[in-house]
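> Have a look; sequence and predicted model below, questions after that.
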Amino acid sequence: MDRIFIVDGTLREGEQSPGVHFTTAEKLEIARALDRIGVPLLDVGMPAVSPDEREAIRAITQAGLRASIGVSARLNRAEVDQAVACGADEIFLICSVSPLHLRYKLGMDEEGVRQLAENVVRYSIQQGLVVNFVAEDACRAETPFLCGIIKDAHKWGAQRAFICDTVGVAEPFRMRSLIEEIRSAIPPEMALGCHCHNDLGLATANTVAAVEGGAQYPSVTVNGIGERAGNSPLHEVVVAVEKNLNIKHGIDMGGLYALSKLVERCSGILIPPHAPVVGLNAFRHESGIHVDGILKNSRTYTGVDPQGLGREPTFILGKHTGTQLIQYLLQQRGYQASEGEIQEILRRVKEWKTRDGKGEIGRMVREVEEYYERCLGFPQDAFWEIVEGVIQHGG
């Protein structure tokens with residue numbers, strides 16, 4: 001396999017992050033940004049969520065994007081009708097496949113869900129939709145049943161199947177072997193994708209492993225936002241696949257940083273400074289050993305070219321600064337200094353950095369915690385006020 005096709009779910013899965021909601025204008029802006037960097041397939045929402053959701057989806061389907069526009073739905077004909085009414089090109093039909101989900105979520109056995117899936121897949125095809133069969137909780141399913149229902153989905157007309165690590169419990173070696181097993185069991189013309197969650201911090205690793213195993217359609221979100229601990233981040237998967245697997249992806253990597261900042265602003269979920277590729281510190285260097293190496297050859301402590309990612313490498317003064325950075329900065333301004341003067345400048349830099357203690361950090365931590373509670377939560381007093389307005393006063 002020499003090419004993958006990125007599937008972005010920021011506007012559906014990403015918006016399901018607790019406390020996150022996008023306006024229609026924000027959804028359009030994000031969709032256009034994704035389209036601009038070359039993402040070929042978008043999952044832009046669930047029409048069943050609300051009339052506002054359907055309005056936003058229609059705005060995106062009418063925006064003239066190059067990307068194919070998909071929506072997610074349960075195994076329900078009415079939700080298929082909503083997808084058609086919204087103008088979607090594709091539908092992601094979510095079908096639970098693990099014993100746990102079949103028993104406790106759907107109250108069905110394997111044959112019951114197979115019959116329901118056939119009914120809705122065939123109906124979706126009749127309505128002119130490209131069908132993506134989404135095997136929910138696939139990593140906890142019985143593999144023979146999983147392979148069997150995917151083969152059936154292909155027979156019913158589905159073009160792709162997505163293997164979902166719905167609660168993020170897979171690990172890379174298991175993910176790769178599972179994808180390889182499924183790939184060998186289903187028709188070669190049935191495209192295979194993966195959708196990984198990050199509950200154990202393995203979403204990117206599992207996604208890359210799935211690609212190694214033969215999954216051509218990795219599902220991602222910008223900044224990895226999504227349910228609970230989120231999903232595979234778009235920027236991590238794209239860079240890892242290109243850097244480590246040498247597989248083409250069709251994404252303009254120079255646009256990744258601007259896209260991440262856009263979604264940060266719209267979602268309210270702040271990018272951690274240490275986040276790979278798009279974090280503040282991803283290409284900043286303080287340690288004297290690292291700075292010395294980079295000044296001699298940038299590749300000594302840089303594995304990825306930052307400029308190809310829309311970033312610039314920078315040096316930061318601090319407790320771990322060495323004389324090499326002081327000398328470098330002085331030269332940039334044409335200063336001449338003795339060894340003693342350089343050492344004194346370095347001493348004062350370190351003193352300045354550490355003299356104010358941690359009071360400012362503590363204040364910021366408290367402010368961020370309050371911000372998340374306020375903006376990514378829902379106040380209990382507001383909820384009970386709504387309840388009393390509806391129940392006691394009839395709305």
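Nice, thanks for sending it over. Residues are numbered from 1 along each chain as shown.

> ok, the residue positioned nearest the centre of the chain - contacts?
Taking C-alpha atoms, centre = their mean, the centroid of the chain lies closest to Thr221, which sits 2.3 Å from it. Thr221 is in contact with 8-10, 13-14, 230-234, counting by C-beta atoms under 8 Å, 6 or more residues apart in numbering. (Each C-beta comes from the backbone N, C-alpha and C, glycine too.)

> cool, and Pro47?
Pro47 is in contact with 53-54, 57, 71, 73, 79, 82-83, 85-86, 88, counting by C-beta under 8 Å, 6+ apart.

> which residues are in contact with the helix or strand harbouring Asp35?
Following DSSP states H and E, one finds Asp35 within helix 24-36. Residues outside helix 24-36 that contact it (C-beta under 8 Å, 6+ apart): 8, 10-11, 22, 42, 44-45, 52, 55-56, 59-60, 63, 65-67, 222, 252, 255, 258-259, 262-263, 266.

> ditto for stretch 268-282
By C-beta under 8 Å, 6+ apart, stretch 268-282 touches 17, 19-20, 223, 225, 233, 235-236, 239, 256-257, 260-261, 264, 304, 306, 309, 311, 368, 375-376.

> and those, which of them are in helices?
235-236, 239, 256-257, 260-261, 264, 368, 375 (DSSP state H).

> CSV please, covering those residues and showing neighbour count, distance to Asp165 and pLDDT.
Shown next, in CSV, are the ones in helices among the contacts of stretch 268-282 (neighbours: other C-beta atoms under 10 Å; distance: C-beta to C-beta, whole Å; pLDDT from 0 to 100):
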residue, neighbour count, distance to Asp165, pLDDT
His235, 26, 20, 98
Glu236, 22, 16, 98
Val239, 23, 21, 98
Leu256, 24, 23, 97
Tyr257, 19, 27, 97
Ser260, 23, 23, 98
Lys261, 15, 28, 98
Glu264, 16, 25, 98
Val368, 11, 29, 95
Cys375, 11, 29, 93
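
> Now the two most distant members of those residues.
Taking C-beta to C-beta as the measure, the ones in helices among the contacts of stretch 268-282 span a maximum distance of 29.6 Å, between Val239 and Cys375.

> show me where the stretch 201-350 of the chain has helices.
Along the stretch 201-350 of the chain, the stretches classed as helices by DSSP state H, counting those that start in this stretch are 203-213, 234-240, 256-267, 288-296, 323-332, 339-354.

> With distance to Leu129 as new columns, can these be given to me in a markdown table?
Below are the helices of the stretch 201-350 of the chain laid out as a markdown table (distance: least, C-beta to C-beta, whole Å):
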| stretch | distance to Leu129 |
| --- | --- |
| helix 203-213 | 25 |
| helix 234-240 | 25 |
| helix 256-267 | 27 |
| helix 288-296 | 51 |
| helix 323-332 | 58 |
| helix 339-354 | 58 |
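
> per-residue confidence at the nearest residue to Leu346 once chain neighbours are set aside?
Spatially, and ignoring its direct neighbours in sequence, Leu346 is nearest to Ile326 (5.4 Å; C-beta to C-beta, 6 or more residues apart in numbering). The model reports Ile326 with a pLDDT of 97.

> I figured Lys319 hits Glu351, correct?
No - counting by C-beta atoms under 8 Å, Lys319 sits too far from Glu351 to count as a contact (9.7 Å).

> What sits closest to Gly201 if chain neighbours are left out?
Using C-beta to C-beta, 6+ apart, the closest residue to Gly201 is Ala229 (7.5 Å).

> make that Arg160, sorry
In space, Arg160 is closest to Ala191, 4.1 Å off (C-beta to C-beta, 6+ apart).

> Good, wrapping up.
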